[in-house]
Structure formats: structure tokens, C-alpha cells
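Student: Coordinates for the following, if possible.
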Amino acid sequence: MYIVDAIFNLKNMDKNIKAIERLCRIHKLIQREQTGTPEEFAAYVHISRRTLFRIIGEIKDRGISVKYNRYSKTFYYDNYSNDEIKLLLFSEFKEIIRNL
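Tutor: This next block holds a predicted model:
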């Protein structure tokens, strides 16, 4: 039973690491204001458009204002310093790591 639990935990760890990497890619693209359209953004981070909007909703739930500029075709952070965003995202990373 211990070996099965260990294998299961390794699978979860891989899943959590991928979630952290994906969140980092999403953050960097929003920060640089180089996301493209929602469809392009989702394709770039290898998720569906629906999943992208779910993740952006979760970021907003953390108190970070994310908006979309139709003219520039990019998502961007509204009224937040880079340090504030990193602190809020770091708390999300800690939660993921805690569940490893």
C-alpha cells in the first residue's frame, strides 16, 4: 500500500508543479501585456479558453484586478505594483506546495 501511495503522491506532485509553471507563464504574459486574444493566450499556455477564464477568475478572487484591452488585444494588471502581484501569487504557490 505504501508504494501505491508514493506513486499517487508523485503524480500529484507532477500535477502541482505543472500548475505552478502554468501560473508563472500566465503571470509573466499578463505582466508584459503580451497575452494576445483569449484564444491565443489559452493556446500558448496549452489550456482551453474556459480554463483560462477560470484561472483569471481565481486570480481576481485573490484581489488582483485583471482586465482585457480589446484595442491592444492583451490582458493586463490594473492598479497593482509588481511586488503586490508577486506577493499574492506567492501565497497561491505556497498553498499548492503545501498540498504536495
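Student: the helices in the chain, which residues?
Tutor: Under the criterion DSSP state H, helices of the chain are mapped to 2-32, 38-44, 49-61, 82-98.
Student: now for the second one, which elements pack on it?
Tutor: Helix 38-44 sits against helix 2-32, helix 49-61, with contacts defined as 3 or more Cβ pairs under 8 Å, 6 or more residues apart in numbering; DSSP states H and E. To be clear about C-beta, it is placed using only N, CA and C from the backbone, and glycine gets the same treatment.
Student: Comparing those helices by mean pLDDT, which bottoms out?
Tutor: When those are ranked by mean pLDDT, helix 2-32 comes last with a mean of 70.
Student: Could you report the distance from Glu40 to Arg50?
Tutor: Taking Cβ to Cβ, to the nearest Å as the criterion, Glu40 is separated from Arg50 by 15 Å.
Student: Glu39 too?
Tutor: Remark: distance between Glu39 and Arg50 (Cβ to Cβ) = 11 Å.
Student: residues touching the closest residue to His46 other than its chain neighbours, list them.
Tutor: Setting aside the residues directly before and after it, His46 is nearest to Arg22 in space (Cβ to Cβ, 6 or more residues apart in numbering), at 7.8 Å. Contacts for Arg22 were tallied using Cβ atoms under 8 Å, 6 or more residues apart in numbering; they are Val45, His46, Ile47, Ile55.
Student: If burial is judged by neighbour count, which of these pass?
Tutor: Burial by neighbour count, judged by 16 or more other Cβ atoms under 10 Å, picks out Val45, Ile47, Ile55 from the contacts of Arg22.
Student: In contact with the first one, which residues?
Tutor: Taking Cβ under 8 Å, 6+ apart as the criterion, Val45 is in contact with Arg22, Arg25, Ile26, Leu29, Leu52.
Student: Can you flag the buried ones in those?
Tutor: Buried by 16+ other Cβ under 10 Å: Arg22, Ile26, Leu29, Leu52, out of the contacts of Val45.
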